[in-house]
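>>> predicted model follows, preceded by the sequence.
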Amino acid sequence: MQEAQPLLIFPYNGNGIEALDCIGSAYRFIGFVDDTPQKRGIDPNGYPVFDRGAFTQFPDACVLAVPGSPSSYRSRKDIIQGLGIAEERFARVVHPAARVSPLASIGSNVLIMAGVIVTSNALIGSHICILPNTVVHHDVMIGDWSLIGSNVTIAGNTVVEENCYIGSGTSLMNGIRVGSGALVGLGSNVINSVAACTRVVGNPAREIGTKD
C-alpha cells in the first residue's frame, strides 16, 4: 500500500476546510498555511495554521492551494503563483465519492469534492476547484485557475476558459464557450456563449456587467 503523502492546504478558508473531507488515504494532512496572522495557531478543530514558512519547514509536503471566491477569483492566478511552489509539488485531491472517468484528464492543484462526476474525455486544467455534486460531461474543457460551484451541470463540448467563476446551481448548455475571466451568477441557465470578462446571471442568463 502506498504511503500517504504529507499535505499542506493554503489558505485557511472555506474551500480549504472542505478539502479536509476530500483527502482520503492518499494524503496525510499536516496543517493549513495562511497569510493572516490572526488565523495562525491552532484552529477550533485542533489543526495547526502556519505562515508561509511551512512550505520550507516541510519540504516534502505536497501543497493544495485553493484561494478565491466570487469577489476574488480573478486574483487566484497571482496568489497561487506568488506562493513560489514548484508545479510538481502541487497536489491533486479527489474525494473518494467523486467519479472521474479514466478517459478524463486532470491537471495539478485540483480539488474535486464529493459527488462530482467527470465523464469521458473531459479536460480539467490546473489550479481548479469543483464543489460537490457538479457534473462535467463529455469533452468539456475547463481552463486553469477556474472555480466551479456546487450542483453545476456543464453539458458536452462546452469550454470554460481560464480564470472563470461558475456559480452554484448553474447549468451550461452544450457546445458553448465561457470566455476567460467571466463570472456566471448563482442558479443561472446559460444557453449562449459568454464573452470574456463578462458577468451574466438569470434564466436565461443575461449580461449584467463586465470586469476589467
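That came through, no problem. Numbering: from 1, shown residues only.
>>> where does this structure dip in pLDDT?
For the chain, applying pLDDT under 70 flags the ranges 1, 211-212.
>>> center of it, which residue is that?
Taking CA atoms, centre = their mean, the centroid of the chain lies closest to C129, which sits 1.1 Å from it.
>>> what's the distance between it and A65?
10 Å (CB to CB, to the nearest Å). C-betas here are computed from N, CA, C, even on glycine.
>>> same question for G125.
Using CB to CB, G125 is found at 14 Å from A65.
>>> next up, the contacts around the residue nearest to R40 when sequence neighbours are not counted.
Nearest in space to R40, with sequence neighbours left out and distances taken as CB to CB, 6 or more residues apart in numbering, is V49 at 4.9 Å. If a contact means CB atoms under 8 Å, 6 or more residues apart in numbering, then V49 has 12, 31-34, 39-43 as its contacts.
>>> same question for F29.
7, 9, 20, 23, 47.
>>> drop anything exposed from these.
Among those, the ones that count as buried by 16 or more other CB atoms under 10 Å are 7, 9, 23, 47.
>>> just say helix, strand or coil for the first one.
For L7, the assignment made with DSSP: H, G, I helix; E, B strand; the rest coil gives strand.
>>> surely it touches F58?
No - contact between L7 and F58 fails when scored by CB atoms under 8 Å: they sit 9.3 Å apart.
>>> now for those two: what residues contact both?
I30.
>>> what's the neighbour count on the residue nearest to S126 when sequence neighbours are not counted?
In this structure, S126 finds its nearest non-sequential neighbour in G107, 3.2 Å apart by CB to CB, 6+ apart. A total of 17 residues lie near G107 under the criterion other CB atoms under 10 Å.
>>> what's the answer for the one 4 residues further on, then?
With neighbours defined by other CB under 10 Å, the count for L111 comes to 26.
>>> what do you get for I112?
26.
>>> dihedrals phi and psi, it?
Per-residue torsions, I112: phi -120, psi 120 (degrees, to the nearest 10).
>>> what sits closest to it if chain neighbours are left out?
Distances taken as CB to CB, 6+ apart place V94 nearest to I112, at 4.5 Å, with adjacent residues excluded.
>>> the one you found contacts A114, doesn't it?
No - V94 is not in contact with A114 according to CB under 8 Å; the separation is 9.8 Å.
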